[in-house]
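J.: any chance you could fold what I've pasted below:
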Amino acid sequence: GNINKSSSSSSFGGKTIYIYVHNKRVVGFCSVEVLLKAFRLHPENSGNEDGENISSKSNGNTRSEEGANCTIKASKAMMGVHQLWCHRSHRKKKIATMLVDAARSKLVYGLTVPVEMVAFSSPTLDGARFARQYSNTPTPLVYDCK
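T.: Below you'll find the predicted structure:
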């Protein structure tokens with residue numbers, strides 16, 4: 001498979017698109033954007049079985065970032081993973097990991113974005129699971145949750 005990059009332009013809303021092609025078919029997709037801040041997802045947040053976005057509960061130590069339970073205090077971030085998709089028959093082959101790795105190494109010229117500065121938008125159950133695994137933390141960064 002190959003990873004191809006499509007540069008940021010106004011038609012992509014300031015996002016940079018990466019696609020994974022296998023046998024002339026797109027089987028993976030990742031759109032990323034430059035980001036300045038994000039919030040830590042609480043470890044108990046896990047989304048629901050239907051793949052819907054993470055549900056919101058609120059207490060004194062959390063803020064509802066448009067749907068996800070996350071910390072009140074903003075954390076620095078450099079890259080936001082806006083959308084991440086892999087074809088069902090090509091999952092568990094590290095394609096999503098390769099796409100995010102490619103984005104981290106190419107988004108900012110001359111710099112590889114550190115893993116701890118990557119945030120994930122509107123995570124579903126599978127998305128939150130991937131974010132935790134990729135970031136190697138029970139509290140990955142999230143932003144712009146809907």
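J.: for the rest of this, base every contact and every neighbour count on C-alpha atoms.
T.: Will do.
J.: what sits against the residue found closest to Trp85 once you drop the neighbours it is linked to in the chain?
T.: Nearest in space to Trp85, with sequence neighbours left out and distances taken as Cα to Cα, 6 or more residues apart in numbering, is Phe29 at 5.1 Å. Residues in contact with Phe29 (Cα atoms under 8 Å, 6 or more residues apart in numbering) are Ile17, Tyr18, Ile19, Tyr20, Gln83, Leu84, Trp85, Cys86, Ala96, Leu99.
J.: most neighbours among the residues you listed, which one is it?
T.: Ranked by neighbour count (other Cα atoms under 10 Å), the contacts of Phe29 have Leu99 at the top, with 25 neighbours.
J.: quick one: that residue from Val113, how far?
T.: 13 Å (Cα to Cα, to the nearest Å).
J.: and the longest strand belonging to the chain, what's its mean pLDDT?
T.: Secondary structure assigned by DSSP state E gives strand 25-34 as the longest strand of the chain. Strand 25-34 carries an average pLDDT of 94.
J.: immediately after it, which helix or strand?
T.: Reading on from strand 25-34 to the C-terminus, the next helix or strand found by DSSP states H and E is strand 37-40.
J.: list the ones among the contacts of Phe29 that fall in helices.
T.: Within those, residues falling in helices by DSSP state H are Ala96, Leu99.
J.: where exactly do the strands run in the chain?
T.: Under DSSP E, the chain gives strands at 2-6, 16-22, 25-34, 37-40, 62-65, 68-71, 75-76, 79-86, 118-121, 141-143.
J.: in the protein, where is pLDDT below threshold?
T.: 1-11, 44-68, 71, 145-146 (pLDDT under 70).
J.: check contacts around Ser121.
T.: Residues in contact with Ser121 (Cα under 8 Å, 6+ apart) are Gly80, Val81, His82, Gln83, Val142, Tyr143, Asp144, Cys145.
J.: thinking again about what came up before, list the buried residues for the longest strand of the chain?
T.: Across strand 25-34, burial judged by 16 or more other Cα atoms under 10 Å covers Val26, Val27, Gly28, Phe29, Cys30, Ser31, Val32, Glu33, Val34.
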